[in-house]
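In: here is a sequence together with a model predicted from it:
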Amino acid sequence: MYFTPSTPAYDENKHRLIHEDWKKFDGNVVHYPAKISPYELQKELILALGKIYSLRRLLRALIVERWLYKLIFAGEYFWQHNMRANYKRNLPHLKQVSEQQNRKLVLDARSKLDDGR
């Protein structure tokens, strides 16, 4: 999901943003997803991009496809390889953010239980 200020998506979800460091709004996970941690989502993104832009698919494109598709896929392969490296560098930060979110959820749940007594 892309969050651009002054758009409906941003206005409806700004409470879910991890940060507003706009340098990281390049495909990195920048929000708290509803059913998965930011860390797990980033790992899944890296895995999916690795499958879509695999060396096997690059070789197949270079052998089978027409020259224009060869050129396009080769460019996308190397660009995505660079992006995956960037996403991997951000994993430690997202793991820390996810752990903090989990601790907060546990404390909130305990607090609600204590209030119910």
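Out: Perfect, I can see it now. Here the structure is a predicted model, which means the values were calculated and not measured. Numbering: from 1, shown residues only.

In: ok now the longest helix seen in the chain, how far from the chain's centre?
Out: Counting by DSSP state H, the longest helix found in the chain is helix 67-116. Chain-centre distance of helix 67-116: 4 Å, with Cα atoms, centre = their mean, to the nearest Å.

In: name the helices or strands packed onto that helix?
Out: Counting contacts by 3 or more Cβ pairs under 8 Å, 6 or more residues apart in numbering; DSSP states H and E, helix 67-116 packs against helix 38-52, helix 55-64. For the C-beta atoms, the positions are set from N, CA and C on the backbone; glycine is no exception.

In: and residue 39, how many neighbours does it have?
Out: Residue 39 has 21 neighbours, counted by other Cβ atoms under 10 Å.

In: measure it to residue 46 for me?
Out: 11 Å (Cβ to Cβ, to the nearest Å).

In: spell out which residues are contacts of both of the two.
Out: Residues touching both residue 39 and residue 46 (Cβ atoms under 8 Å, 6 or more residues apart in numbering) are residue 91.

In: hang on, the earlier thing: and of the helices and strands packed on helix 67-116, who's closest to residue 102?
Out: Closest to residue 102 of the helices and strands packed on helix 67-116, according to Cβ to Cβ: helix 38-52, at 10.0 Å.

In: looking at the helices and strands packed on helix 67-116, which is buried most?
Out: helix 38-52 (a mean of 16; mean count of other Cβ atoms under 10 Å).

In: neighbours around residue 30, how many?
Out: 22.

In: hang on, it packs against residue 19?
Out: Yes. Contact status for residue 30 versus residue 19: in contact at 6.7 Å, counting by Cβ atoms under 8 Å.
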